[in-house]
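Asks: Here's my sequence, what's the structure:
(chains A and B)
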Amino acid sequence: AQKITQTQPGMFVQEKEAVTLDCTYDTSDQSYGLFWYKQPSSGEMIFLIYQGSYDEQNATEGRYSLNFQKARKSANLVISASQLGDSAMYFCAMRTYNQGGKLIFGQGTELSVKP
Amino acid sequence: NAGVTQTPKFQVLKTGQSMTLQCAQDMNHNSMYWYRQDPGMGLRLIYYSASEGTTDKGEVPNGYNVSRLNKREFSLRLESAAPSQTSVYFCASSGRTGHLPGYTFGSGTRLTVV
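Replies: Residues are numbered from 1 along each chain as shown, chains lettered A, B, ... in the order given. Next up is the predicted model:
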């Protein structure tokens, strides 16, 4: 069975510092994709970054990077130079390439950025 | 703007009432999904539709039915609402965005069953 685990229910980080949000996954598929989404208090789901299972380079999008360690089945999100606007829920998700390409989500991590 | 439109945004139901949540996308995506989000939990898949004319159960389908009316529209029906169905419901669709697989989410429906 496919599963995403986020073990940090809540985290604090000082403004301008970097923070790592953990995500581990479990799948027997060879081909899969990993996503990170941000959900601010307003509720919308905002796509941050994507990593394909066959991508050799770690994905980066501006201040976001994904530390992909395939052998350990981990896909941690690194946010550099945290900003107050980064305070939100963050979800790791995995896409399956069968069964309609559905996304499976972790429980989320609530990040609070302190001034 | 292209995207996923959900209606209504808020709804209060009494136990036993029925209602249909509407979802429409204008991105020509084949696949559509319904998720629910409860406090302290991630999004859990209720039903999905890989293509027009097909629907399949997700992780938490009990108490719900769906209809893929056409390629654009995917509705979620609660036949007899229960307090346990109080949640925020998200509709999503998926297709390629450039070279990446992309998912677009609606803004959500906040449902309270009393």
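Asks: Make sure A:L34 is indeed in a helix.
Replies: No: counting by DSSP: H, G, I helix; E, B strand; the rest coil, A:L34 is not part of a helix but strand.
Asks: Which parts of the chain are strands?
Replies: Picked chain A for this. A:3-5, A:10-14, A:19-21, A:24-26, A:32-39, A:46-52, A:60-61, A:64-69, A:74-79, A:88-96, A:103-105, A:109-114 (DSSP state E).
Asks: Chain B was what I was after
Replies: B:4-7, B:10-13, B:19-25, B:31-37, B:43-49, B:56-57, B:64-68, B:74-78, B:87-97, B:100-105, B:109-113.
Asks: who does the fourth one touch, helix- and strand-wise?
Replies: Helices and strands touching strand B:31-37, as assessed by 3 or more CB pairs under 8 Å, 6 or more residues apart in numbering or on different chains; DSSP states H and E, comprise strand B:19-25, strand B:43-49, strand B:64-68, strand B:74-78, strand B:87-97. C-beta here means a position set from N, CA and C on the backbone, and glycine is covered the same way.
Asks: isn't A:Q30 right next to A:S53, touching?
Replies: Yes: the criterion here is CB atoms under 8 Å, and A:Q30 meets it with A:S53 at 6.8 Å.
Asks: So for those two, which sits in the more crowded spot?
Replies: A:S53 (18 against 8; other CB atoms under 10 Å in any protein chain shown).
Asks: quick one: the more buried one and B:T7, what's the gap?
Replies: With the distance defined as CB to CB, to the nearest Å, A:S53 ends up 36 Å from B:T7.
Asks: quick one on the thing from earlier: which of the strands of chain B comes out lowest on mean pLDDT?
Replies: Of all the strands of chain B, strand B:100-105 carries the lowest average pLDDT, namely a mean of 84.
Asks: Parallel or antiparallel, list what pairs with that strand.
Replies: Strand B:100-105 sits in its sheet next to strand B:87-97 (antiparallel), going by DSSP bridges.
Asks: Can you pull the residues of chain A lying near chain B?
Replies: Residues of chain A found near chain B (CB under 8 Å from any CB of the partner chain) are A:4, A:6, A:9, A:33, A:35, A:43-45, A:47, A:50, A:91, A:93, A:95, A:99-108.
Asks: Nearest residue to A:D26 in space, please, no chain neighbours.
Replies: What sits nearest to A:D26 in space, not counting adjacent residues and going by CB to CB, 6 or more residues apart in numbering or on different chains, is A:K3, at 4.5 Å.
Asks: what pLDDT does the one you found get?
Replies: pLDDT, read off for A:K3, is 92.
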